[in-house]
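**Student:** Fold the following for me, if possible:
(2 chains)
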Amino acid sequence: MDYQQEPHGMFLMIDNKSFYASVESVERGLNPLESVLIVMSEADNTGSGLVLAASPMAKKEFGISNVSRQYEVPHDSRILVVPPRMNLYIQKNLAINKIFRQFVTDDDLFPYSIDESILDMTHSWRLFGKTPEEVARRIQLKVRHELGLYTTVGIGENPIQAKLALDLQAKHDHELIGRLTYDSFPKHIWPITNLEKVWSIGHRTAAHLERLGIHSMDDLAHVNPYELRSEMGMIGAQLFALAWGIDRSQLHQVRPPKEKSWSNSQVLPRDYRVQAEIELVIREIGQQVTSRMRHHRQQAGCVSLYVGFARADTENDGRTGFDHSCRIAPTDNAQTIVATLLHLFRKNWADQPVRNLGVGLSRLSHCQNLQLDLFQEPERQIKNDQFDRVLDELRDKFGKTAVIPASSLMPGGTMLRRASLVGGHNGGNSFD
Amino acid sequence: MGGIVLINCDQEADVIATRLDPLFTAQWHCQYRIDVVNNQYGSAFNFFLDIRRKNHRERSIPLHTVHATDLAILEKIIVALKKHTQLSLNFVNFGHVRWPESQRWIR
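**Tutor:** A predicted model of the protein is given here:
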């Protein structure tokens, strides 16, 4: 393979070792690598509890993984259980990225997730050390020194190599550093036979590849790319490039999504069977999404509703839920949108118990003036519009729960309890 | 926390006490303890309620964070807190130093 035409940069992919658990360990004066600590969310909809993060020792000694359920965790007094504080983790993530900015310009830093960032150090790494490993070490020490957290670094000539070096090498390396180059890629990556371990290959893609007789990365690299592409489409070409460590993505060129949409969804705390209760939650989510959209001065021309059935019922019904959408005249009026949602729900729901609900608004357009509907009283329409805006203003000023519909106090309402959650888990503001 | 923040020690102790009360349910065979952590990385003192029970997982629930590094402030908060609760206090990462006011060892 001739790599001359490929981009040769220097990318670091940096990840925090067991991020949430490490932050909580540091807050308690414990060493993140030595403590046996798990962060457990006990929000209403996680059942008995869900492990959000486990410290490296908890994983090693007790085999606890990051998505274990409460009942899978042994009742052992050596395990320390703590509640999540999502806002604290966001703060720490910002602090870490601030440290990274001492090594790269703002334009070369790409936060990838709550605990991962990509640093394009092509132009700046020589300022900080003789080898990329030395630079990585320096960043690790700085984060450790300032925040007490351990970081894992993958180094590559392009982002995909950095990511694979992080996932497959650095996490098992004593120094927590891994490095891949075009030259070393075949040696380290091709022997992998468990394809699911490789980033971007999921359970289904791995099964598809197995069916095609591809059982290792070596096989994938030596398959005919044209055949793979005709079998799997675009993804086939992408996988072939992956097997050779090729990534031509230009991180600086941001590609805006073709069409933006707004959506919210939630897992209900229990199976909902009563129509009124389900509709109450649909109404709450509908209002929440509409309010988010209104903040961006947009209106929606399409409303979609997702209803996921309870697991017990999925077996009887054969369906896991339904997802329907409906075109409407562009509006940002919550009442109209909620009415459409309820219409969709009533039309499609046949008494199944419900566990998941989601609402989406799409076909967005910029909202300038109120478009009056010929078939409704104009005063009423203007009043409705003003009513929504006053509610938005009140909530901006005094918080999400400043004004709530009285119906949210009825059995089944989830809005009040979810108002303080961040990403569905305890934000932790009340602990400050 | 940017800028100068005046810390009202009694108020801080109150915050801790009001969060502590609903959590301290005084169950049988349960050890309750308040952990006071000197968090060098965050320049703050963190308070946690630690609950231990035989054959149960240990739990640690955050109570409060005081953004200060001055031991005199912490001492006042601790004095105010001790008026409210008899729970034992466990000081973490303070090293071998004395309280500025009472001159007793921090432990």
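
**Student:** wait, what's in contact with A:Gln288?
**Tutor:** By CB atoms under 8 Å, 6 or more residues apart in numbering or on different chains, A:Gln288 lies in contact with A:Asn264, A:Met415. C-beta: built from backbone N, CA, C; applies to glycine.

**Student:** do you know how far it is from chain B?
**Tutor:** For A:Gln288, the distance to chain B equals 28 Å [CB to the nearest CB, to the nearest Å].

**Student:** Assumed that residue was part of a helix.
**Tutor:** Yes - under DSSP: H, G, I helix; E, B strand; the rest coil, A:Gln288 falls within a helix.

**Student:** Centre-most residue in chain A?
**Tutor:** A:Ser113 (7.2 Å; CA atoms, centre = their mean).

**Student:** Enumerate the beta-bridge partners assigned to that one.
**Tutor:** Per DSSP bridges, residues listed as beta-bridge partners of A:Ser113: A:Glu116.

**Student:** Quick check, pLDDT for it.
**Tutor:** For A:Ser113, the model assigns a pLDDT of 90.

**Student:** And for the one 5 residues further on?
**Tutor:** A:Ile118 carries a pLDDT score of 94 in this model.

**Student:** Wait, A:Val67 touches A:Leu50, no?
**Tutor:** Yes - assessed by CB atoms under 8 Å, A:Val67 is found in contact with A:Leu50 at 7.1 Å.

**Student:** Compare the two (neighbour count), which wins?
**Tutor:** A:Leu50 (20 against 11; other CB atoms under 10 Å in any protein chain shown).

**Student:** Tell me the spacing between the more buried one and A:Glu42.
**Tutor:** 8 Å (CB to CB, to the nearest Å).

**Student:** Also B:Lys76?
**Tutor:** 34 Å.

**Student:** related to what we said a few turns ago, now do the shared contacts for A:Leu50 and A:Glu42.
**Tutor:** Contacts common to A:Leu50 and A:Glu42, judged by CB under 8 Å, 6+ apart, are A:Gln70.

**Student:** now could you export just the CA positions of stretch A:357-372 as CSV?
**Tutor:** Extracted in CSV, the C-alpha atoms of stretch A:357-372 (Å, rounded to 0.1, in the frame of the first residue of the first chain):
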residue,chain,number,x,y,z
LEU,A,357,-41.5,7.9,24.9
GLY,A,358,-39.8,10.2,22.5
VAL,A,359,-40.9,13.3,20.6
GLY,A,360,-39.2,14.9,17.6
LEU,A,361,-39.7,18.1,15.7
SER,A,362,-38.2,18.4,12.2
ARG,A,363,-38.6,20.3,8.9
LEU,A,364,-37.5,23.4,10.7
SER,A,365,-37.8,26.9,9.3
HIS,A,366,-36.9,30.2,10.7
CYS,A,367,-39.8,31.8,12.6
GLN,A,368,-40.3,35.5,12.0
ASN,A,369,-43.9,36.4,12.2
LEU,A,370,-46.9,34.6,13.4
GLN,A,371,-48.7,33.0,10.4
LEU,A,372,-52.4,33.2,11.1
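
**Student:** May I have the phi/psi pair for the residue of chain B most remote from its centre?
**Tutor:** Here the centre of chain B is the reference, and by CA atoms, centre = their mean the most remote residue is B:Asn55, at 25.6 Å. When read as degrees, to the nearest 10, the backbone of B:Asn55 gives phi 60, psi 20.

**Student:** What sits closest to it if chain neighbours are left out?
**Tutor:** A:His75 (5.7 Å; CB to CB, 6 or more residues apart in numbering or on different chains).

**Student:** correct me, but that neighbour touches B:Arg57?
**Tutor:** Yes - checked against CB under 8 Å, the pair A:His75 and B:Arg57 is within contact range at 6.2 Å.

**Student:** what about those two, which has more around it?
**Tutor:** Using other CB under 10 Å as the criterion, A:His75 and B:Arg57 rank with B:Arg57 on top: 20 against 11.

**Student:** Quick one: the strands in the stretch 201-350 of chain A, in order.
**Tutor:** A:262-272, A:298-309, A:321-331 (DSSP state E, counting those that start in this stretch).

**Student:** Deepest-packed of these, please.
**Tutor:** Highest mean neighbour count among these (mean count of other CB atoms under 10 Å in any protein chain shown): strand A:298-309, with a mean of 21.

**Student:** Mind checking the pLDDT average for that one?
**Tutor:** Per-residue scores along strand A:298-309 average to 92.

**Student:** strand partners of it, parallel vs antiparallel please.
**Tutor:** strand A:321-331 (antiparallel), strand A:354-366 (antiparallel).

**Student:** Dump the strands of the stretch 201-350 of chain A into JSON lines; add distance to A:Gly156 as well.
**Tutor:** Formatted as JSON lines, these follow (distance: least, CB to CB, whole Å):
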{"stretch": "strand A:262-272", "distance to A:Gly156": "34"}
{"stretch": "strand A:298-309", "distance to A:Gly156": "38"}
{"stretch": "strand A:321-331", "distance to A:Gly156": "38"}
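
**Student:** neighbour count winner among B:Lys76 and A:Glu42?
**Tutor:** B:Lys76 (19 against 15).

**Student:** In stretch A:197-210, which residues are buried?
**Tutor:** A:Val198, A:Ile201, A:Thr205, A:Ala206, A:His208, A:Leu209 (16 or more other CB atoms under 10 Å in any protein chain shown).

**Student:** Which residue ranges of chain B form helices?
**Tutor:** B:9-23, B:71-84 (DSSP state H).

**Student:** okay if I get these as a markdown table plus distance to chain A and mean pLDDT?
**Tutor:** Output for those, formatted as a markdown table (distance: least, CB to the nearest CB, whole Å; pLDDT from 0 to 100):
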| stretch | distance to chain A | mean pLDDT |
| --- | --- | --- |
| helix B:9-23 | 8 | 91 |
| helix B:71-84 | 14 | 93 |
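
**Student:** Need those helices in JSON lines (columns: distance to A:Ser362).
**Tutor:** Converted to JSON lines, the helices of chain B look like this (distance: least, CB to CB, whole Å):
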{"stretch": "helix B:9-23", "distance to A:Ser362": "43"}
{"stretch": "helix B:71-84", "distance to A:Ser362": "52"}
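
**Student:** For A:Val307, which of those helices is the nearest?
**Tutor:** helix B:9-23 (36.4 Å; CB to CB).

**Student:** what residues does the closest one touch?
**Tutor:** A:430-431, B:34, B:47, B:49, B:51, B:61, B:63-64, B:66, B:73, B:76-77, B:80-81, B:84-85, B:87.

**Student:** Show me just the buried residues among those residues.
**Tutor:** Here, 16+ other CB under 10 Å leaves A:431, B:34, B:47, B:49, B:51, B:61, B:63-64, B:66, B:73, B:76-77, B:80-81, B:85, B:87 buried among those.

**Student:** re the thing from before, list the contacts of the residue nearest to B:Asn55.
**Tutor:** Contacts for A:His75 were tallied using CB under 8 Å, 6+ apart; they are B:Asn55, B:His56, B:Arg57.

**Student:** low-scoring stretches of chain B, by residue?
**Tutor:** B:1-5 (pLDDT under 70).

**Student:** got the residues of it near chain A?
**Tutor:** Proximity of chain B to chain A, by CB under 8 Å from any CB of the partner chain, involves residues B:19, B:35, B:37-42, B:46, B:48, B:52-65, B:92-93.

**Student:** what do you get if the cut-off is 7 Å, keeping everything else the same?
**Tutor:** B:35, B:37-39, B:41, B:46, B:48, B:52, B:54-65, B:92-93 (CB under 7 Å from any CB of the partner chain).
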